[in-house]
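>>> A predicted structure for the sequence below; I have some questions about it.
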Amino acid sequence: MIKVVFFAALREQLNCAELEVNAGENTDSIAKIKQLLVEQNPQWQETFNNASLLSAVNHEMVDGSHPVKSGDEVAFFPPVTGG
Amino acid sequence: MSVLSNNEQLRYSRQIMLNQIGEAGQQALRNAKVLIVGMGGLGNPTALYLASAGVGNLYLADGDNVEISNLPRQILFSEDDLQNNKADVASEKLQQQNPEINIEVIDEMLDAELGPYYLDLVDLVIDCSDNIATRYLMNQLCLEHKVPLIVGAATGFDGQHLLVDPRNPDSACYQCLFPASEKAPVNNCQTIGILGPVLAIIAGMQSLTAIKLLTANKVAVNQLSLFDGLSNQWRQFTLNKQATCPACGQA
């Protein structure tokens, strides 16, 4: 299993704090996990198509091509620029 | 570095008392030159903490005037200050709080033309701005001038904090975190709102990092701190310098 967590405003937008996905070929990268989440939740498409969304694997910031394996924790959150 | 006066010894006694600060640290604060970019919700408490802690030379930059919708969070300003320049008003209030420090007002938002002049003068930049364009510019200028940059940001209940130190070859920069080629977020304080205390927490973190950095205490680069004001939780994420970063990469 791969644990997926949503932080900050993203959690409110999706109305979801965390979920799990099965580890496999369709979840072996950040980009593929995003794709799977959108397939399972079409209403999330707009949010996940936002290129500025930040991602982390096991508390390390990574880009979309980063590999993901069983047991990893994947986090998504939006950048903040206000002040 | 001249010794502290009796008055300074008394005024700053509670922070001099800390082993990590001491008299040498207080002298370092007094000699420091810090540019604060943006005198809004983050800039207000940051400037107030640094001025009162005895940071000797502050450069405050903001081109905007005080508006009534600023007052719930921009705590240096009152109704009498409406329509006056934010950096000007902040300077006046801070000078009352601490007449011993030097404050220079820059009553316009720093741009690529004006920025380099000030980057040559300062030891540290604190980004308290409210837009991505200024954030990229400050990152670029700090990289070029090898000046450390403390980035803070907040919207809604969320805040982020990151130290970039271009003097350290391994330090990631703001653009490593958030590549410029990608779409800028549309959310800001005007579109989704903000609460004063969320800004205060991020500004407090920026001020603390600034004081530690200026007093030669250990500070962490490559660490993005994320604050969630609904659950009151901090989360830390490790960031790596990106070899392909258009701002600080090798390419």
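It's in. Residues are numbered from 1 along each chain as shown, chains lettered A, B, ... in the order given.

>>> and residue 42, how many neighbours does it have?
Went with chain A since none was named. Neighbours of residue A:42 under the rule other C-beta atoms under 10 Å in any protein chain shown: 8. From N, CA and C alone the C-beta is placed, and that goes for glycine too.

>>> that's the other chain; I wanted chain B
By other C-beta under 10 Å, the residues close to residue B:42 number 34.

>>> Endpoints of stretch B:117-136, how far apart?
17 Å (C-alpha to C-alpha, to the nearest Å).

>>> which parts of it are buried?
Across stretch B:117-136, burial judged by 16 or more other C-beta atoms under 10 Å in any protein chain shown covers B:118-119, B:122-130, B:132, B:134-136.

>>> now check that stretch, is it near chain A?
Yes. With C-beta under 8 Å from any C-beta of the partner chain as the measure, stretch B:117-136 is seen reaching chain A through B:127, B:128, B:129, B:130, B:131, B:132, B:135.

>>> any chance of those residues in a markdown table, plus secondary structure and pLDDT?
Listed next are these as a markdown table, based on DSSP: H, G, I helix; E, B strand; the rest coil; pLDDT from 0 to 100:
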| residue | secondary structure | pLDDT |
| --- | --- | --- |
| B:127 | strand | 98 |
| B:128 | coil | 98 |
| B:129 | coil | 96 |
| B:130 | coil | 93 |
| B:131 | coil | 90 |
| B:132 | helix | 90 |
| B:135 | helix | 94 |
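
>>> Could you work out the most separated pair of these?
B:128 and B:132 (13.9 Å; C-beta to C-beta).

>>> Chain A against chain B: which residues are in contact?
Selection of chain A residues close to chain B by C-beta under 8 Å from any C-beta yields A:7-9, A:12, A:50-52, A:54, A:56, A:59-61, A:75, A:77-83.

>>> and if we set it to 7 Å?
Chain A comes close to chain B at residues A:7-9, A:50-52, A:56, A:59-61, A:77-83, as judged by C-beta under 7 Å from any C-beta of the partner chain.

>>> give the contact list for residue A:41.
Residues counted as contacts of residue A:41 (C-beta atoms under 7 Å, 6 or more residues apart in numbering or on different chains): none.

>>> Please identify which helix or strand holds residue B:15.
helix B:13-16 (DSSP states H and E).

>>> What residues are bridge-paired with the residue lying closest to residue A:14 once chain neighbours are set aside?
Spatially, and ignoring its direct neighbours in sequence, residue A:14 is nearest to residue A:6 (5.6 Å; C-beta to C-beta, 6 or more residues apart in numbering or on different chains). For residue A:6, the beta-bridge partners under DSSP bridges are residue A:76.

>>> Residue in the stretch 1-150 of chain B with the shortest distance to chain A?
For the stretch 1-150 of chain B, the residue closest to chain A is residue B:42, as judged by C-beta to the nearest C-beta, at 4.1 Å.
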